[in-house]
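Asks: how would this look folded up:
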Amino acid sequence: MQAIDLKPLNDHQILIDFSNGEKRLFDLEYVMNCQEVSETMKARWKIMVEKGNFSHVEILYGDVVWPGWVEILSSELLKFTTPFECEVKSDVVDT
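Replies: Sure, this is the predicted structure:
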């Protein structure tokens, strides 16, 4: 299962569509509390958000990537996302 599309919802959440039709939510607040994430990675995410780069995310070969900051491999996406079954309004403006 790979990410095929994504939509930033706000400054800490991304809705991700997967190749099997499933939608999952990446919530940075959830990930920042995850013990499996290193303190170095958490620090990089914190700086990225503070600089306003959270919504500059893309999919590259099924991985979720913030260029120059962080990436989540497709093999790890299930661990860092939760199932999502409803639609949410986005406060991020498409550019």
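Asks: Now F80: phi and psi?
Replies: Per-residue torsions, F80: phi -110, psi 10 (degrees, to the nearest 10).
Asks: got the contact list for it?
Replies: Residues counted as contacts of F80 (Cβ atoms under 8 Å, 6 or more residues apart in numbering) are F26, Y30, V31, C34, V37, I72. Glycine gets a C-beta too; all of them are placed from N, C-alpha and C.
Asks: Not counting sequence-adjacent ones, nearest residue to the second one?
Replies: Nearest non-adjacent residue to Y30, counting by Cβ to Cβ, 6 or more residues apart in numbering: T82, 6.9 Å away.
Asks: now do the fourth one
Replies: Closest residue to C34 apart from its sequence neighbours, by Cβ to Cβ, 6+ apart: F80 at 7.2 Å.
Asks: Same check on the first one?
Replies: Spatially, and ignoring its direct neighbours in sequence, F26 is nearest to I14 (4.4 Å; Cβ to Cβ, 6+ apart).
Asks: Please give the element, helix or strand, for D5.
Replies: In the assignment (DSSP states H and E), D5 maps to strand 3-8.
Asks: Tell me where this protein has strands.
Replies: 3-8, 13-18, 23-27, 58-60, 63-66, 70-72, 82-83 (DSSP state E).
Asks: The third one pairs with which strands, parallel or anti?
Replies: What it means is strand 23-27. strand 13-18 (antiparallel), strand 82-83 (antiparallel) (DSSP bridges).
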